[in-house]
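# can you look at this prediction? I've put the sequence above it.
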Amino acid sequence: MSGRMAGRTAWGLWALTVLSAAPTLSMASLSEPSSARNTGLMVLVIFAFSSVGALVASRRPENPIGWIFCLGALCWILGELALEYAVYALITAPGTLPAGAWVGWFGGWMRGMGWLIVVLFLLLLFPTGRLPSPRWRPALWGAVVFALYFTVVVWLSPASDDVRLAFVPNPLGLDLPIMSLLKEVLYLVLPLTLLVGGSAVVVRFRRSRDEERQQIKWFAYAVAVMVFLFVFWFSLALAGLVPPDTLLWTVPPLGLPVAVGIAVLRYRLYDIDRIINRTLVYAVLTVTLAALYFGGVVVLQYALRATTGQESSLAVVASTLAIAAMFSPLRRGIQNLIDRAFYRKKYDAGRILESLSARLREETDLDSLGDDLAGVVRETMQPAFVSLWLREPTLAPREGGPQYGRTARTGGPAEGFDPTAPGRGPRTGGP
């Protein structure tokens, strides 16, 4: 497929997804009770996957990740549209629209299929669009077989999986005891399938180098943030602090398509190291400051109660001022601690460069400076060899003009290389 045709196809799928979103939201707003808010959040997630998929497919048509997102998002939104249609036809205004049960059956299957397309094949093929190795072909076929098994179970299940339509019998359903067993097997195999896909990402990361490793870091970072938000929100829901609504399932995945798009398109790949570093620093800093703040408030309130016999807002004010004073030094300390623990090479390189900078301000001997500079380059960048070349003036310098030193060289194993030989310019690196 040519690039122009791929772009038209990708954005055509995106347009179908957007056009399907409008009646979905309209149907959801008319339903009783209204599900417009929850459906709107779901449509936002679908729009994010579809937009990233269209962008990736139009610019990297050879990579199936973009097409997976486009197709998965289209199936997903068509399923949501069919389910909202069925709710309106069977619950909100019974009898006003035809074939409500059939459309509900189709919507339940299509929505689940869209989700499976995105999740199962993304894990196996990200970021290159190919399997980690030919040995992973059984895993790919296993994902295909699982999708087919899901289709059979949904088609023959006696009732819909959508809680709003649980009372509606499936037109193709079989009211047999074995159907309950098949559905239990489906829910049991799904986590195993996701585990296999996740192991493919881990194996690929262990073998990856350079850009591919950075791409997987983007994906891993998005997944980690998604899991953290889900666990945090779920914990609040269990504690009764927030309602267990659709926000629990829709907000956490929003960053995943964005991270995948950045990784596949290779846009600012190496910023992920800085993002991960800042996330670790400020996460630890936030937890530490919160613990110090609440601990300080409790301790000061106890002390004031013991001395004055009553509580005072002085404890809150004092704790706030203490936290404000501790913010900068505590942040620097946590930054150094994380650099030493997780970014040791960069931390050591920074220390070495600082030491070299201090020596350069004091050293005047050219040979000593050359040796120091070559040693720093070898220690921080670890090239095959290092050579230093100082250009000789071709003409006699004017009085007061720049004075060039003689050629100096330091190096590793590159014996025999003469930077001053005729026809050879300055050169660094390479054996």
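Received it, and whenever you're ready, just let me know what you need.
# can you tell me the closest non-neighbouring residue to residue 158?
residue 173 (3.9 Å; CB to CB, 6 or more residues apart in numbering). C-betas here are computed from N, CA, C, even on glycine.
# quick check: that neighbour is in a strand.
No. According to DSSP: H, G, I helix; E, B strand; the rest coil, residue 173 belongs to no strand; its state is coil.
# helices along this protein, start to end?
Per DSSP state H, the chain has helices spanning 3-30, 36-59, 64-87, 100-125, 137-156, 177-207, 210-238, 247-250, 255-265, 271-308, 314-342, 344-360, 366-381. These are given in chain order.
# which residues are in contact with the residue nearest to residue 158?
Residues in contact with residue 173, defined by CB atoms under 8 Å, 6 or more residues apart in numbering, are 156-159, 179.
# hmm, which of the residues you listed is lowest in pLDDT?
pLDDT across these is lowest for residue 159, at 85.
# what residues are up against it?
Counting by CB under 8 Å, 6+ apart, residue 159 touches 165-170, 173.
# what's the neighbour count on residue 222?
Residue 222 has 22 neighbouring residues, counting by other CB atoms under 10 Å.
# where's it relative to residue 229, distance?
With distances taken as CB to CB, to the nearest Å, residue 222 is found 11 Å from residue 229.
# and if you look at residue 75?
25 Å.
# those two: who's more crowded?
residue 75 (22 against 17).
# so that one touches residue 107, yeah?
No. Assessed by CB atoms under 8 Å, residue 75 is found out of contact with residue 107, at 10.5 Å.
# by mean pLDDT, flag the weakest helix or strand of this structure.
helix 344-360 (a mean of 62; mean pLDDT, DSSP states H and E).
# circling back to that earlier point, just the buried residues from the contacts of residue 159, in ChimeraX please.
If you want just the buried ones from the contacts of residue 159 in ChimeraX, going by 16 or more other CB atoms under 10 Å, the selection is:
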select :165,168,170,173
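# pipe the contacts of residue 159 into TSV and attach pLDDT and distance to residue 319 per row.
Listed next are the contacts of residue 159 as TSV, based on pLDDT from 0 to 100; distance: CB to CB, whole Å:
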residue	pLDDT	distance to residue 319
165	87	53
166	85	51
167	87	55
168	87	57
169	88	61
170	87	60
173	84	61
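# with respect to residue 318, which of the contacts of residue 159 is nearest?
residue 166 (56.1 Å; CB to CB).
# quick check: closest non-adjacent residue to that closest one.
Per CB to CB, 6+ apart, closest to residue 166 is residue 159, 5.6 Å.
# same check on residue 11?
Spatial nearest neighbour of residue 11, excluding adjacent residues (CB to CB, 6+ apart): residue 54 at 5.2 Å.
# ok, residue 13 next?
residue 70 (4.2 Å).
# so that neighbour touches residue 15, yeah?
No. Residue 70 is beyond contact range of residue 15, at 10.7 Å (criterion: CB under 8 Å).
# okay, those two: which has more neighbours?
residue 70 (29 against 12).
# what's the per-residue pLDDT of that one here?
The pLDDT attached to residue 70 in the predicted structure is 96.
# can you check residue 137 too?
Here the pLDDT value assigned to residue 137 is 94.
# what is the neighbour count of it?
11.
# can you pull the contacts of the closest residue in space to it that isn't next to it in sequence?
Nearest non-adjacent residue to residue 137, counting by CB to CB, 6+ apart: residue 131, 6.5 Å away. Counting by CB under 8 Å, 6+ apart, residue 131 touches 124-125, 137, 139-140, 200.
# from these, pick the one nearest residue 66.
Distances from residue 66 to the contacts of residue 131, taken by CB to CB, are shortest for residue 125, at 11.0 Å.
# quick check: closest non-adjacent residue to the residue nearest the centre of the chain.
Computing the C-alpha centroid of the chain and ranking residues by CA atoms, centre = their mean puts residue 222 first, at 2.2 Å. Spatial nearest neighbour of residue 222, excluding adjacent residues (CB to CB, 6+ apart): residue 259 at 3.4 Å.
# burial measure for the one you found, as a count.
Neighbour count of residue 259, defined by other CB under 10 Å: 22.
# so it makes contact with residue 224?
No. Here residue 259 lies out of contact with residue 224, judged by CB under 8 Å, at a distance of 10.3 Å.
# give me the common contacts of the two.
Residues touching both residue 259 and residue 224 by CB under 8 Å, 6+ apart: none at all.
# pick the most buried one from the helices of the chain.
Across these, the average number of neighbours (mean count of other CB atoms under 10 Å) peaks for helix 64-87, which reaches a mean of 25.
# got the angle between that one and helix 36-59?
150 degrees (axes from the mean of the first three to the mean of the last three CA atoms, to 10 degrees).
# name the helices or strands packed onto helix 64-87?
If contacts are counted by 3 or more CB pairs under 8 Å, 6 or more residues apart in numbering; DSSP states H and E, helix 64-87 sits against helix 3-30, helix 36-59, helix 100-125, helix 255-265.
# next one: the residue nearest to residue 69 when sequence neighbours are not counted from residue 126, what distance?
Excluding its sequence neighbours, the residue lying closest to residue 69 (CB to CB, 6+ apart) is residue 53, at 2.6 Å. Per CB to CB, residue 53 is found 13 Å from residue 126.
# overlap in contacts, those two.
Jointly contacting residue 53 and residue 126 under the rule CB under 8 Å, 6+ apart are residue 65.
# re the thing from before, residues contacting the residue nearest to residue 69?
Contacts of residue 53 by CB under 8 Å, 6+ apart are 10, 13-14, 65-73, 257.
# domain-wise, how is the chain divided?
3-269, 277-342, 343-392+406-417+425-431 (automatic domain parsing).
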